[in-house]
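K.L.:
build me a model from this:
(2 chains)
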Amino acid sequence: MAAALVAAGCHNSMNSVQNAQQVGQRTMISDQRVISDTGLARKVGVVGLNTVTTPGGFLKVQVELLNQTRSLQTFNYRFEWFDQNGMQISAPAGAAIAGELDGGESKFISAVAPTEAAKDFRLKLILGK
Amino acid sequence: MKNQIIVSLVAVSAAFITGCGTDAHYVETGGNRNVVSVGQINIQDYIQAANTMTGELLASGALDRVKNPPAILAISRIVNNTGNQIDTDLLVKKIRVALLQSGKVLTTTTFGLGNAEDPLAKQMQQTTRPADFSLSGKIIQLNAGAGDTRQATYSFQLSLTDTQGLAVWEGEKEITKQGTRGGIGF
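P.N.:
Just a heads-up that it's a prediction; the model follows:
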């Protein structure tokens, strides 16, 4: 009984509820705009990527990440922005944002470009400490 | 004999001090290797909060709803409700820089709560365009603990108010940090 209690308290995987009739299994997508370090790439992958232009004319990016393992994964991420010529936009200093995913969990991360001149982006994913 | 002991102690102390010299080096501001302190707001926290809320503000389109763009923004009170003495400009200046870069906003430095930020500019000012919005906010610290684990959540709250006194945009960013008792500041 004690072991069961310990196991319950240490449980860190996630169960998700979704439609029984799934269109298809989640598949990882490869996008050159997403750069992940080798340590993280095997554990956390991108399953969806969407972009939209806000009413104010700013590029907004939404990325869905999936933890392919059964254990908690921590990571840091940062967006970089580029204009139509591929030149990086010198945005105010951006900090790496910490994120975490329980085993099997998927999560959306998003960011809005700092100026209307931003037409492209790059997402950097780094394994957390 | 006594002198030999003293000389030996001095030599050992010198070697000890030399060997314990600090390994100072540069790290990227806001990067992964920045020190994370539970008991205080770190620079990467200010950067993250400013970037997140600025992005949300720009995406909301609230700044576009002015008769004569770009909007004029005045900075109001940012209340520090944490346990530390902080300069709220560490947050506000980053927001102002980002908003200015966006092209959607101009910030006035001659009008605001208290004295003008730039007194000389106020003297030089030839025309006055009233502000379209004011930005106010609060930074709150919430502490928690369990066993040896200490946790602090810093809540950055901002409100954008128009000339009718209505909040046309509100944003909040919470940053939570954990550490063990030996590595914290409180």
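K.L.:
any chance you could map the helices in the chain?
P.N.:
In the absence of a named chain, chain A is used. Taking DSSP state H, the helices of chain A run over residues A:2-9, A:38-41.
K.L.:
um, chain B though
P.N.:
Using DSSP H, helices in chain B cover B:2-19, B:43-60, B:89-102, B:119-124.
K.L.:
contacts made by stretch A:35-44 with the rest, please.
P.N.:
If you take CB atoms under 8 Å, 6 or more residues apart in numbering or on different chains as the criterion, stretch A:35-44 is touched by A:65-69, A:73, A:75, A:101, A:122-127. To be clear about C-beta, it is placed using only N, CA and C from the backbone, and glycine gets the same treatment.
K.L.:
and of those, the nearest to chain B?
P.N.:
Checking those against chain B with CB to the nearest CB, the nearest one is residue A:126 at 6.1 Å.
K.L.:
burial count for residue 38?
P.N.:
In the absence of a named chain, this looks at chain A. 7 (other CB atoms under 10 Å in any protein chain shown).
K.L.:
my bad, chain B
P.N.:
There are 20 residues near residue B:38, going by other CB under 10 Å.
K.L.:
ok, it touching residue B:149?
P.N.:
No. Counting by CB atoms under 8 Å, residue B:38 stays clear of residue B:149, with 9.5 Å between them.
K.L.:
between these two, what contacts are shared?
P.N.:
B:178-179.
K.L.:
around chain B, pick out the residues from chain A.
P.N.:
A:54-56, A:58, A:60, A:76, A:91-97, A:111-112, A:114-116, A:126, A:129 (CB under 8 Å from any CB of the partner chain).
K.L.:
rewinding a little: for the helices of chain A, which has the smallest mean pLDDT value?
P.N.:
Per-stretch mean pLDDT for the helices of chain A is lowest at helix A:2-9 (a mean of 48).
K.L.:
which parts of chain B sit against chain A?
P.N.:
Neighbours of chain A within chain B, by CB under 8 Å from any CB: B:29-32, B:43-45, B:47-48, B:50-52, B:54-56, B:58-61, B:63-64, B:94, B:97-98, B:101-104.
K.L.:
if we use 7 Å, what do you get?
P.N.:
B:29-32, B:44, B:47-48, B:51, B:55, B:58-59, B:61, B:64, B:94, B:97-98, B:101-104 (CB under 7 Å from any CB of the partner chain).
K.L.:
now, of these, which are buried?
P.N.:
Neighbour-count burial (16 or more other CB atoms under 10 Å in any protein chain shown) is assigned, among the residues of chain B next to chain A, to B:30-32, B:44, B:47-48, B:51, B:55, B:58-59, B:61, B:94, B:97-98, B:101-104.
K.L.:
now the end-to-end length of stretch B:23-34.
P.N.:
15 Å (CA to CA, to the nearest Å).
K.L.:
quick one: low-confidence parts of the chain?
P.N.:
With no chain named, the answer covers chain A. A:1-29, A:92-94, A:129 (pLDDT under 70).
K.L.:
that answer is for a different chain, and I need it for chain B
P.N.:
Flagging of chain B using pLDDT under 70 yields the residue ranges B:7, B:10-21, B:114-116, B:182-186.
K.L.:
mind doing that once more with 80?
P.N.:
Low-confidence segments of chain B (pLDDT under 80): B:1-22, B:110-128, B:181-186.
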